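J.: with the sequence up front, the predicted model follows.
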Amino acid sequence: MSFMTRALAQTAPLCKTIRGMPFNRGLADGSLPRAAFQHYIIQDAHYLEGFARALALAAGRAPDGQAVCQLAASAAGTLQAERELHAHYMGLFGVDQDQFAATRPSPACDHYTSFLIATAATRSTAESVAAVLPCFWVYRDVGRDMHARATPDNPYRAWIETYVSDSFDAAVEQTCALAERLHDAATDPTRDSMYALYARSTLLEWGFWDSAWAMREWPNPTLTGEIA
């Protein structure tokens, strides 16, 4: 059984849940509150920087030149996309640089990026690729589902179309192919770890959208009197 076949079968119920989350339903029908989207794009920009760092670390530990080039190019492309995409949408939806700079990564964002970076720094390239892969696959899966339901006048339609573009589809397929190649060459314990890491990242994808819907931030105990 291929890596993706088994990984997708194991995470299918969770992916179905992700497609039906309130945040993603609101994006699809255009009803998502503007403040929730503003919170989301700030956190997504923070996330993509950490994601790019994980890809760069994985590239440095890759077993061959082909994998080095692919992962390094993905890291560079992620940072470029973050700058262009978020500069555009932050401006479009009224998020200025001061607001972005003053907003810390949320607990969900910090947890996810820390997990990816730690995995890339301490595990094999095969495991690292398995961990970053849900960001590619799940976003395309959700994007396709939202695009099929989005109305032409949806204020978030252009954002949704990013994740059904030919360029993003190619990036997903290339990363899947790399995961399959590394899986085929891996030992059984590494393969088991790949499945576990893929499932963990899929759960963290759910957590990221759940946090965006609730607009969660770090608690401040000094405001509640819990710290004297």
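T.: Yep, that arrived.
J.: how much space separates the residue nearest in space to the middle of the chain from residue 205?
T.: In the chain, the centroid-proximal residue (Cα atoms, centre = their mean) is residue 135; its distance is 3.5 Å. Separation of residue 135 from residue 205 (Cβ to Cβ, to the nearest Å): 7 Å. From N, CA and C alone the C-beta is placed, and that goes for glycine too.
J.: so, low pLDDT: which residues of the chain?
T.: 82, 85-86, 223-228 (pLDDT under 70).
J.: what sits against residue 30?
T.: 150, 151, 153, 154, 155, 156, 157 (Cβ atoms under 8 Å, 6 or more residues apart in numbering).
J.: got it, and residue 2?
T.: By Cβ under 8 Å, 6+ apart, residue 2 lies in contact with 180, 183.
J.: again, only using 10 Å
T.: 8, 176, 179, 180, 183, 184 (Cβ atoms under 10 Å, 6 or more residues apart in numbering).
J.: which of the residues you listed tops the neighbour count?
T.: residue 179 (23 neighbours; other Cβ atoms under 10 Å).
J.: from residue 44, how far off is that residue?
T.: Residue 179 sits 23 Å away from residue 44, taking Cβ to Cβ as the criterion.
J.: coming back round to it: so of the contacts of residue 2, which ones are in helices?
T.: Of the contacts of residue 2, the ones assigned to helices by DSSP state H are 8, 176, 179, 180, 183, 184.
J.: go through the residues you listed and name the one nearest residue 161.
T.: Checking these against residue 161 with Cβ to Cβ, the nearest one is residue 176 at 21.2 Å.
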